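Student: sequence first, then the predicted structure, then my questions.
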Number of protein chains: 4
Amino acid sequence: MTHSYAAQKTDLLARLRRIEGQVRGVQKMLEENRYCVDVLTQLAAIEKATHMVAWSVLDAHTRGCVASAIQDKQAGSEKMDELMEIIRRFTK
Amino acid sequence: MTHSYAAQKTDLLARLRRIEGQVRGVQKMLEENRYCVDVLTQLAAIEKATHMVAWSVLDAHTRGCVASAIQDKQAGSEKMDELMEIIRRFTK
Amino acid sequence: MTHSYAAQKTDLLARLRRIEGQVRGVQKMLEENRYCVDVLTQLAAIEKATHMVAWSVLDAHTRGCVASAIQDKQAGSEKMDELMEIIRRFTK
Amino acid sequence: MTHSYAAQKTDLLARLRRIEGQVRGVQKMLEENRYCVDVLTQLAAIEKATHMVAWSVLDAHTRGCVASAIQDKQAGSEKMDELMEIIRRFTK
């Protein structure tokens, strides 16, 4: 079975590999006793990149899975509860 | 030279290795076509864990580097500008 | 014409009046030279209360206006673009 | 007794009066059954304006009250705990 993010899978995987590299980079910075502020700048970049990946998946999910559930009247309201719960989690 | 986070370095490195594992885990989830909402849950966990690591570094930095710069009256105001700039970046 | 939030209008208005009172309260605190941290605590409460009102409107909008646009196949995709744009604005 | 925000008091009060007006504006929008998305746009503006006021107070507090507590070695560590607690509240 495929999901809403199928079309972007290659792009999402590339972005996640880059994030994985950034996380390893921060470990190296700590081992080299790099300045706190430079470490914080890198961590902020990782948070942001992860957030952008999540956003792409959420966008695909809302336009894909949720919209088709509503159109099919199949479980549209449960999908909506689930969607609002995820959005809430990303919204503060 | 060491920095304010020196005392927590082992703990911070362990947390970053765990985050690195979580990022690899999400790549595996996408390859296995796992459900969008499960992927989003994992991404939210990574964002949160990264944020907590950043928080620990920021806390150490503020209590360590910044406080001693203020006490020494050495570059206290520049440190303060730099600090407010980092906090702003993490504050929305 | 009514909108998705019609059923909650009385409740939303009551919450907004309370927020208005809180904003006036902070003005009074500044005039009385109250301690910064107490002022910040009140401002954080206002931000949170405003966010909760916005959340209620967004929830009503998504379940109401958006879902019916999708079902009617009338402008469903434009509504979706508009929805994702609002969610993005509330998501960081 | 005055606080760190003394110099900006007039400006802060003017901004809070504007926010109070915006909150009344949203009440009027609901009474007129205005479109959800326009209501949400206004609420986002209020959240942002409140956040900017809080930021100004936090900035004044950190550079003022906290820095002088650290310099006087008088209660520097308690002030620091209090500061980190407020920053945490505004940082997610």
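Tutor: Perfect, I can see it now.
Student: longest helix in chain A, please.
Tutor: In chain A, assigned by DSSP state H, the helix with the most residues is helix A:36-61.
Student: which helices and strands does that one pack with?
Tutor: helix A:9-31, helix A:76-90, helix B:36-61, helix B:76-90, helix C:76-90 (3 or more C-beta pairs under 8 Å, 6 or more residues apart in numbering or on different chains; DSSP states H and E). Every residue, glycine included, has its C-beta placed from N, CA and C.
Student: how much space between A:A45 and A:V23?
Tutor: Using C-beta to C-beta, to the nearest Å, A:A45 is found at 11 Å from A:V23.
Student: more crowded one of the two?
Tutor: Higher neighbour count among A:A45 and A:V23: A:V23, with 24 against 15, using other C-beta atoms under 10 Å in any protein chain shown.
Student: how about the most centrally placed residue in chain A: what's its closest non-neighbour residue?
Tutor: Most central in chain A under C-alpha atoms, centre = their mean is A:A54, positioned 1.7 Å from the mean C-alpha point. Sequence neighbours aside, B:L43 is the residue nearest to A:A54 in space, at 4.0 Å (criterion: C-beta to C-beta, 6 or more residues apart in numbering or on different chains).
Student: show the contacting residues for A:S4.
Tutor: When contacts are counted by C-beta atoms under 8 Å, 6 or more residues apart in numbering or on different chains, A:S4 touches A:A60, A:H61, A:R63, A:G64, A:C65, B:C36.
Student: and which of those residues is nearest to chain D?
Tutor: Among the contacts of A:S4, A:R63 lies closest to chain D (C-beta to the nearest C-beta), at 17.5 Å.
Student: pLDDT at the residue nearest to A:A54, what is it?
Tutor: Note for B:L43: predicted pLDDT of 96.
Student: quick check, the residue in chain A closest to chain C?
Tutor: For chain A, C-beta to the nearest C-beta, closest residue to chain C: A:I70, 4.6 Å.
Student: just to check, that residue is in contact with A:G64?
Tutor: No - using C-beta atoms under 8 Å, A:I70 is not in contact with A:G64; the gap is 11.3 Å.
Student: so of the helices and strands packed on helix A:36-61, which one's packed in deepest?
Tutor: When you average the neighbours per residue for each of those (mean count of other C-beta atoms under 10 Å in any protein chain shown), helix B:36-61 leads with a mean of 20.
Student: what angle do helix D:76-90 and it make with each other?
Tutor: Angle of helix B:36-61 versus helix D:76-90, following axes from the mean of the first three to the mean of the last three C-alpha atoms, to 10 degrees, is 160 degrees.
Student: and A:A69, what's its pLDDT?
Tutor: For A:A69, pLDDT reads 76.
Student: what sits closest to it if chain neighbours are left out?
Tutor: In space, A:A69 is closest to A:K79, 4.0 Å off (C-beta to C-beta, 6+ apart).
Student: again with A:E82
Tutor: B:V37 (6.1 Å).
Student: would you list the phi and psi of the closest residue to A:M80 other than its chain neighbours?
Tutor: Counting by C-beta to C-beta, 6+ apart, A:M80 lies nearest to C:R63, which is 5.6 Å off, once chain neighbours are set aside. Per-residue torsions, C:R63: phi -70, psi -30 (degrees, to the nearest 10).
Student: mind checking how far C:R63 is from D:C36?
Tutor: Applying C-beta to C-beta to C:R63 and D:C36 gives a distance of 11 Å.
Student: A:R24 now?
Tutor: Separation of A:R24 from D:C36 (C-beta to C-beta): 44 Å.
Student: quick check: A:A45 touching A:Q22?
Tutor: Yes - with contacts defined as C-beta under 8 Å, A:A45 counts as touching A:Q22 at a distance of 6.5 Å.
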